[in-house]
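Trainee: Need a 3D model of the following:
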Amino acid sequence: MYQTLKLILATGIKTEAPPQADEALRVARERLKAEILEYFAGALTIRHVDAGSCNGCELEINSLNNPYYNLEGLGIKFVASPRHADLLLVTGPVSRHMEVALKRTYDATPEPKLVVAIGDCGCTGGIFGESYASCGRVSNVIPVDVAVPGCPPTPVAIMQGILTAISLSKT
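Mentor: Numbering: from 1, shown residues only. You can find the predicted model right below:
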């Protein structure tokens, strides 16, 4: 027991080391903030729709609100109603049970609306594909502006996907 404690004291706690500065994150944050200020008057509202995912992408989306990524500090807020949203963030392959709900959510979102499909399941159907229980990718049900691949994609990739959608909407 003494040897184990001695080793722990010599090694220190490795899991609580502060994250290293990420240049890609800094650049993405600055561009995202500038685009939101210019196009959305300083505030972008997002409605997240889980269309049948495994919740891996949701964990990454939730991490966008932690102090490290601080999406809300950029003026981006998640809202409960699609009627208040500028952008839909859709995860997972669309299950047959969520098909009508996703279409209604899309129809309830005011124009100009943006749709970002998150994760391999949202972009291609992932390992589930199309079947009796799944419609497959999000674009099989509603139009998608930007697809962010990954299983799950990193928070920086999600931020870059949001930035790309904002950039596309200006043209």
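Trainee: Am I right that residue 147 is in a strand?
Mentor: Yes: assessed with DSSP: H, G, I helix; E, B strand; the rest coil, residue 147 lies in a strand.
Trainee: mind checking how far it is from residue 61?
Mentor: When C-beta to C-beta, to the nearest Å is the yardstick, residue 147 and residue 61 sit 15 Å from each other. Any C-beta I mention is one placed from the backbone N, CA and C, and that applies to glycine too.
Trainee: what do you get for residue 72?
Mentor: Remark: distance between residue 72 and residue 61 (C-beta to C-beta) = 13 Å.
Trainee: who has more neighbours, these two?
Mentor: Ranked by neighbour count (other C-beta atoms under 10 Å), residue 72 and residue 61 place residue 61 first, with 23 against 11.
Trainee: Which helix or strand contains the more buried one?
Mentor: Here residue 61, judged by DSSP states H and E, is contained in helix 56-63.
Trainee: helices and strands around that helix, which ones?
Mentor: Under the contact definition 3 or more C-beta pairs under 8 Å, 6 or more residues apart in numbering; DSSP states H and E, helix 56-63 sits against strand 44-50, strand 87-91, helix 119-124, helix 155-170.
Trainee: strand partners of the shortest one, parallel vs antiparallel please.
Mentor: Under the criterion DSSP bridges, strand 87-91 sits next to strand 44-50 (parallel), strand 114-118 (parallel) in its sheet.
Trainee: can you pull the buried residues of the longest one?
Mentor: Judged by neighbour count using 16 or more other C-beta atoms under 10 Å, the buried positions of strand 44-50 are 44-50.
Trainee: what separates that strand from the chain centre, distance-wise?
Mentor: Distance of strand 44-50 from its chain centroid, counting by C-alpha atoms, centre = their mean, to the nearest Å, is 9 Å.
Trainee: Ok, the shortest one next?
Mentor: Taking C-alpha atoms, centre = their mean, the mean C-alpha location of strand 114-118 is offset from the chain mean by 8 Å.
Trainee: circling back to that earlier point, with the buried residues of strand 44-50 in mind, which one is nearest to residue 4?
Mentor: Proximity of the buried residues of strand 44-50 to residue 4 (C-beta to C-beta) peaks at residue 50, which lies at 42.9 Å.
Trainee: ok, how many other residues are close to the residue nearest to the closest one when sequence neighbours are not counted?
Mentor: Spatial nearest neighbour of residue 50, excluding adjacent residues (C-beta to C-beta, 6 or more residues apart in numbering): residue 91 at 5.5 Å. The tally of other residues near residue 91 (other C-beta under 10 Å) stands at 27.
Trainee: Show the contacting residues for the closest residue to residue 122 other than its chain neighbours.
Mentor: Spatially, and ignoring its direct neighbours in sequence, residue 122 is nearest to residue 138 (4.9 Å; C-beta to C-beta, 6+ apart). Residues in contact with residue 138 (C-beta atoms under 8 Å, 6 or more residues apart in numbering) are 51, 90, 94, 102, 115, 117, 122-123, 144.
Trainee: Perfect, I'm done here.
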